[in-house]
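Engineer: Got a predicted model here, sequence first, then my questions.
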Amino acid sequence: MRSCVELSVVERVEDGEREKKKNRRRSSRRSKQNNSSVSASGSVSVSQGETVVSTVMSASIKDASSNENTPECHSFSEHVTGRSSDPVFSSMPTMHINEHVGPREVPRTQNPSTVVPSSGGRVFSKSCSEPVACREPSEACFTKDSQMGPYNHSSPFKLHWSGECVNEALERGDVFLAVFRVNAHNRLEAYCKIEGVPVDILINGVPAQNRAVEGDVVAIKVDPLPFWTRMKGSIRLSNSSALTEDSTNSAEMREMCGTSCKGKNKMEGEFDSACGSNNVSSERFSAQEGKTFCDGCRPFPFDGPSSGFADGQNQINDPIAKICALISSYPSKRPTGRVVSIIERSPRRDAIVGFLYVKQWIAHEKGYWRDPKKNKNPDHDYIDFMPNDARFPRMMVHVEELPDCIEKRLYKLDVGIERELVAAQIESWSEESPIPHARVLHVFGHGSELQPHIDAILFENAINSSEFSSESLLCLPPVPWDVPRVEFQTRMDLRSLSVFTIDPSTAIDLDDALSVEMLTDGIYRVGVHIADVSYFVKPDTPLDAEAQVRSTSVYMSRQKLPMLPPLISEDLGSLNPGLDRLTFTIFWDIDGSGSIVHRWIGRTVIRSCCKLSYEHAQDILDGVNYSDNLGGLPQLYGSFKWSDVVRCVHYLNHIARILKEKRLKDGALQLESSKIVFLFDEDGIPYDSKLSQRKESNFLVEEFMLLANHTAAEVISRAFPETALLRRHPEPNMRKLKEFEAFCTKHELTLDTSSSSQIQKSLGRIKETLKDDSVLLDILMSYASRPMQLAMYFCTGDLKDNEDDWAHYALAVPFYTHFTSPLRRYPDIVVHRMMAAALDAERSYLKQRRALERRPDDAGSAVNRCFTGLCFDKNAAESEEAREAFSAAALKHRIPCLDILKGVAAHCNERKLASRHVKVACDKLYMWVLLKKKEVLLSEARVLGVGPRFMSIYIPQLAIERRIYYDEIEGLSVEWLEATSTVLLTLSGHKSSRRAFPFPMRNTRPLEESVLVVSPLELNQESNCSTSAASPRVSSTSESGFEIQPLAFPVIVSLLSTIPVALHAVGGEGGPIDICARLYGSSYLR
């Protein structure tokens, strides 16, 4: 709403509306008296543990009930000292979420061709230089003309710089481009990752963020050194605290996210999980300076690029090198900055899901009806929209712009509107407005139901759930379809070979199959056969265009949104048993040590003899007797017997073990942890869950898929060194890795982070040490993956001068790509076309050589595989004849040029991440539905971090992390024991808790928010979990089958201790869904 009152200067945070009003009046008077001293900038000082903020802000006046759900309604100072920035916290390693990779990546500095439009139609480059210089632009540089100058002191925000001004600042190295990432626990903390800088830049506070939202590409200006904040974890506060930072739970964004692909659990060794934002202290002001810098209006005498450098350091000319030098010289400081311009607006602005708040509007409307003479408030034209994603701000929606169905209900004073889940779009956010103006786009339905939430998840991730277009369907072959005779003339016929698939029992898109033969001298010939989807999806057709736009199939637990029409993905392209199918095949001859002695790649025709599930394959490996007279087995096709299949499975497993051991010795990482699996009823509603871990049959398939992808990457990168589509995995975030190493050392667990090989060896020793503590092992394995960055598709020509960056860190290979899942990933189709082009070029080149040398076609077998075999003939590939052959083949198969392929890679990266977000969100939704049915679930939890305000816990039964806040709880006394990093919790008869140290007091909250208390007298009764409200249904058995026993107050909680907790679902009825955790305890004082 725009019921705003100008808060124009120093306001101290106090609780209660009465005190706030007094402060506003005092602030208004001081503003008039001291306008000259505070009009240009705000003032912040830190005194006696309380933060005093001086700034020009606007805040909406809302009723008390609305205040509880509206972060904007709390004062700025309260946010600064809020929960996510506790100064004391003993925790697991500082798992920052400051490098959360969203749907788009900022271009790397190696490629300075990033284009950003200026107001005059110009473009500028040098995308990611880093700024230390603090020169302010002239008035002409701002995107709006103003007679008052570039800074309108009556507005909450600065005007954005124009494109031309940003262009010039980029060239000077004064500003940098970065993706804007917001801390999910504290929206006032945001981070920007600048390429080449080891630490993210903190953008702290609403004025410094300057209307940027999650996912925007922004131009930021880095502040001078004296204004950098202290890096959390830089000071140890106690002997038992490994790291003194809040446990920021980056896994909460992917807490239930498995690593399976297409539901097949075929891990490809990639770390595609997004890290979230980092919780960092809000302390960002220099006490001796006493001046703010978040608004940029500060004439510093040390504004130059060498600011903060000691003698001898100021000769550094590169802006990024300057910042890196400062970070190295002051490791306890975190760089801070501010947004000066929004270069590219995030797609998330167009799909923000949340709820409307109409009670205040309805109350005002009723009052107007009672007294028509009363002047109507112009702010009454707006209602509030509160996003479910805490990273986005509260917004205002004009009543006249509401959809008809909502507007009609609003004028009927229907409060039920607040229970409708809706999607909105940010339309504008001017510098005069404290919050953005939005427009409602879609109404999904009641927020307490499952399907509206699924629809909302797909909508906000821009997932195409519509039917395939008629133009795309016209590209499909007519049915019934058989393999054309001409294909047998150009492909190898493998229909007599024992080939079979191994997939989840529910899989219907079978895009890979395996075969194995025992040759002489202990050599095995292993075949990987991949569906030749590129035969059906021709380049530059409507079907190809739609597949590219969709980019990937989206898998949810009970639903699949395919990338390709079902006729291809489930029938003609799927390697269904007993049917002739077109494939790409790679054969390797592998000896007993795992070395490849020969390789063949080509297009083939196969006929799968059976469809095995992972359970079938595991039964075979476990020794279950599979015989031809045994019932209940998959149907066998052809002349094969079960003894043939059983023998092949054992051969494959034997070779897979050798290959895996060899791969791990070469430095590959394997980070395994449990994942949650949901059980659904006939209506698709989850009724239970269980933890699942991958078995040997999963690793069997994975090993050969990894080998096939690596082989394909090797072939196409050599054949098309500037236009190959590969997948790289950068080295991990070293700061996070060092923090994890420090934590392991603290707990007498040795971790060597010098290389991926040493990390894997260390984790192997840790597994052995913790073999009796599976919960802690799961936690550590999860945390070990957090420093890992995203794997991403890229075009080799984009990094042709940095081939070291092609490597895949987790797999420890110099190049890698995706080749094995063309039914569900568009990049695999592109790679198939490149493989086909390489084969055609090789065939054409060899034919020309034979003609020149007058040899028959079957002669000279040694050179038959000069481009796709084990031995790559570089001289031949660089010859004029070979270049012509490659060029003709690339043209024939429509291999994209560098610029187009870069766009394809970027789009596929974005869609892959969106698909992952859908999986994570749906898993959280299913868990919410499950807990909503159970009402209360009692479980054991492990304490990951503990501090004076909250503790962070891991619930192994659900494989999730949560926080329990216990500060300012009625009837709960909290004593923080800093010397031992433990907290003493005591139930009392007093109204509010007391502390042993000074903290700003806020309104107390009811005990039931943090603790589920039962009386010991009730424990043996049927209603042993009743609360002061109506008794909920309670599930009180742990995964191990033991009854969950409550804590006995008073209780001391320490790091890594095990505690009972009560879990329950919240939200859905007018608020975002979530799973909340409370302590479960007993007391006679209940």
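Structural biologist: Arrived safely. Numbers count the residues shown, from 1 in each chain.

Engineer: Could you give the separation of the longest helix along the chain from the chain centroid?
Structural biologist: In the chain, taking DSSP state H as the definition, the longest helix is helix 898-934. Remark: helix 898-934 is offset 8 Å from the chain centroid, using C-alpha atoms, centre = their mean, to the nearest Å.

Engineer: check contacts around L751.
Structural biologist: 740-741, 744-745, 759, 762-763, 766 (C-beta atoms under 8 Å, 6 or more residues apart in numbering). For the C-beta atoms, the positions are set from N, CA and C on the backbone; glycine is no exception.

Engineer: Could you dump those into CSV with secondary structure and distance to L931 added?
Structural biologist: Formatted as CSV, those follow (DSSP: H, G, I helix; E, B strand; the rest coil; distance: C-beta to C-beta, whole Å):
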residue, secondary structure, distance to L931
F740, helix, 31
E741, helix, 36
C744, helix, 33
T745, helix, 37
I759, helix, 36
S762, helix, 36
L763, helix, 32
I766, helix, 32
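
Engineer: element containing N167?
Structural biologist: For N167, the element it lies in under DSSP states H and E is helix 163-172.

Engineer: In terms of secondary structure, what does that helix contact?
Structural biologist: strand 116-117, strand 123-124, strand 217-222, strand 337-344 (3 or more C-beta pairs under 8 Å, 6 or more residues apart in numbering; DSSP states H and E).

Engineer: Buried residues, stretch 971-979. List them.
Structural biologist: Within stretch 971-979, the residues that count as buried by 16 or more other C-beta atoms under 10 Å are 971-978.

Engineer: From G602, how far off is the residue lying farthest from the centre of the chain?
Structural biologist: If you look at how far each residue of the chain sits from its centre, by C-alpha atoms, centre = their mean, the farthest one is R854, at 58.7 Å. Distance of R854 to G602, computed by C-beta to C-beta, to the nearest Å: 26 Å.

Engineer: List just the one of the helices and strands packed on helix 163-172 that sits closest to L159.
Structural biologist: Closest of the helices and strands packed on helix 163-172 to L159 is strand 337-344, at 9.5 Å (criterion: C-beta to C-beta).

Engineer: name the helices or strands packed onto the closest one?
Structural biologist: By 3+ C-beta pairs under 8 Å, 6+ apart, strand 337-344 packs against helix 163-172, strand 201-204, helix 206-209, strand 217-222.

Engineer: Just name the most buried of the helices and strands packed on helix 163-172.
Structural biologist: Highest mean neighbour count among the helices and strands packed on helix 163-172 (mean count of other C-beta atoms under 10 Å): strand 217-222, with a mean of 26.

Engineer: Can I get that one in CSV? Just the C-alpha atoms.
Structural biologist: C-alpha atoms of strand 217-222 as CSV (Å, rounded to 0.1, in the frame of the first residue of the first chain):
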residue,chain,number,x,y,z
VAL,A,217,22.4,-8.5,-13.7
VAL,A,218,23.6,-5.3,-12.1
ALA,A,219,26.4,-2.8,-12.2
ILE,A,220,28.0,-2.5,-8.8
LYS,A,221,30.5,-0.1,-7.3
VAL,A,222,32.8,-1.5,-4.7
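
Engineer: which non-adjacent residue is nearest R949?
Structural biologist: Distances taken as C-beta to C-beta, 6 or more residues apart in numbering place D967 nearest to R949, at 4.1 Å, with adjacent residues excluded.

Engineer: Need the phi and psi values for that neighbour.
Structural biologist: Per-residue torsions, D967: phi -80, psi 140 (degrees, to the nearest 10).

Engineer: All further residue positions should be reported with the first residue as 14.
Structural biologist: Yep, numbering from 14; the last one is D980 now.
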